[in-house]
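> Below is the structure, and that's it, no one-letter string:
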């Protein structure tokens, strides 16, 4: 549908959409002591603004505000339209509970550490 619009108008609309996505983004990627706002995310990956983020790879953490959501192993896939798209090689949900090395009976409460 956008292909019928003049190129200047189409570019302006796409830039406004990217700005809107960035302003509403609450997810952040934390890597090497730096934070980068996530422009878009989907089940298999996410995108960062190409102008604001370097090509990162390896182990990163994904946060929503102060909440640690995931620890991920990523690779950069493509760069286009001002975004760098990354895909997960592995994504593990961050959990406050320690790992369990035994099977819990049904209905048993999970161990909560003080703090």
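Cool, the structure landed. Everything numeric in this text was worked out from a predicted model, so none of it was measured.

> What are the contacting residues of stretch 30-43?
Defining contact as Cβ atoms under 8 Å, 6 or more residues apart in numbering, one finds that stretch 30-43 is touched by 18, 21-22, 25, 27-29, 46-49, 52-53, 56, 58-63, 83. For glycine as for every other residue, the C-beta is placed from the backbone atoms N, C-alpha and C.

> Keep only those of these that are in strands.
Judged by DSSP state E, the contacts of stretch 30-43 include 27-29, 46-49, 58-63, 83 as members of strands.

> could you redo those as TSV and give each row neighbour count?
Listed next are the ones in strands among the contacts of stretch 30-43 as TSV, based on neighbours: other Cβ atoms under 10 Å:
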residue	neighbour count
27	17
28	19
29	22
46	24
47	24
48	25
49	17
58	11
59	13
60	20
61	15
62	22
63	17
83	19
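
> top strand in the protein by residue count?
Longest strand in the chain, counting residues (DSSP E): strand 67-80.

> Paired strands for that one, with orientation please.
Sheet pairing here is set by DSSP bridges, and for strand 67-80 it gives strand 58-64 (antiparallel), strand 83-93 (antiparallel).

> Any chance of those in a markdown table with distance to residue 5 and mean pLDDT as columns?
Putting the strands paired with strand 67-80 into a markdown table (distance: least, Cβ to Cβ, whole Å; pLDDT from 0 to 100) gives the following:
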| stretch | distance to residue 5 | mean pLDDT |
| --- | --- | --- |
| strand 58-64 | 35 | 92 |
| strand 83-93 | 21 | 90 |
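
> from the ones in strands among the contacts of stretch 30-43, which is closest to residue 77?
Ranked by distance to residue 77 (Cβ to Cβ), the ones in strands among the contacts of stretch 30-43 are led by residue 47 at 9.5 Å.
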